[in-house]
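> Here's my sequence, what's the structure:
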Amino acid sequence: MKNILMFALLAGAIGTPAMARDTELHLPFADVLAMPEAQSKLDGSIKFYLSGQKTPKVLEKKGEESVSKKTNGANKDDVTACKWAALSVLLTMQEQARRVGANAVVNIVSNYKHQPSKSPKDYECHAGAIIVGVALKGTYAKVAAK
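Numbers count the residues shown, from 1 in each chain. The predicted structure is shown next:
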């Protein structure tokens with residue numbers, strides 16, 4: 001009887017899926033741009049505008065892209081890891097904007113798991129126990145100078 005009970009408990013534990021952490025955060029986009037690392041790696045030649053944010057006149061659209069980046073969240077608080085992941089996305093978008101001849105990325109929305117989320121001030125980040133991810137979708141464009 002003891003063996004049957006032990007087997008039943010073990011089988012139940014194995015058959016139950018572990019609940020992975022997936023904390024959804026909505027954080028200020030401006031905080032990413034203000035990071036010292038962003039100041040040194042984003043050179044200012046490409047501007048970033050969230051959907052709903054006031055944008056200079058779009059002269060030409062150069063394509064749309066969704067970029068997703070993940071970072072190691074171990075030994076980092078969620079906010080810090082989220083900013084690193086968001087900066088990685090912006091660096092990728094900056095390089096692609098240069099390749100296509102754009103000077104801005106406009107109408108940026110969070111696009112985690114292909115679910116658009118618009119905000120003129122915040123981006124969405126998902127933090128797990130070890131991995132933190134940010135996905136942004138935007139349109140590469142030539143915009144008028146301010």
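> What are the buried residues along the lengthiest strand in the chain?
Ranked by residue count and defined by DSSP state E, the top strand of the chain is strand 58-72. Within strand 58-72, the residues scored as buried using 16 or more other Cβ atoms under 10 Å are Lys62, Glu65, Val67, Ser68, Lys69, Lys70, Thr71. From N, CA and C alone the C-beta is placed, and that goes for glycine too.
> Return the set of buried residues in the helix or strand harbouring Thr92.
Assessed by DSSP states H and E, Thr92 sits inside helix 78-100. Using 16+ other Cβ under 10 Å as the burial criterion, the residues of helix 78-100 that qualify are 78, 81-91, 93-94, 96-97.
> Which of those sits closest to Asp22?
Asp78 (11.3 Å; Cβ to Cβ).
> And the closest one, how close does it get to His26?
Plainly put, Asp78 is 12 Å away from His26 if you go by Cβ to Cβ, to the nearest Å.
> do Val105 as well
19 Å.
> pLDDT weak spots in the chain?
Scanning the chain for pLDDT under 70 picks out 1-19.
> at 50 what do you get?
5-16 (pLDDT under 50).
> Please, where are all the strands along the chain?
Under DSSP E, the chain gives strands at 23-28, 47-50, 58-72, 104-110, 122-127, 131-143.
> Would you reformat the ones you listed as CSV and include distance to Pro36?
Formatted as CSV, these follow (distance: least, Cβ to Cβ, whole Å):
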stretch, distance to Pro36
strand 23-28, 16
strand 47-50, 17
strand 58-72, 17
strand 104-110, 21
strand 122-127, 19
strand 131-143, 19
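> For Glu37, which of the ones you listed is the nearest?
strand 58-72 (12.3 Å).
> So which other helices or strands are in contact with that closest one?
helix 78-100, strand 131-143 (3 or more Cβ pairs under 8 Å, 6 or more residues apart in numbering; DSSP states H and E).
> Distance of Lys76 relative to Ala129?
Distance from Lys76 to Ala129, by Cβ to Cβ: 12 Å.
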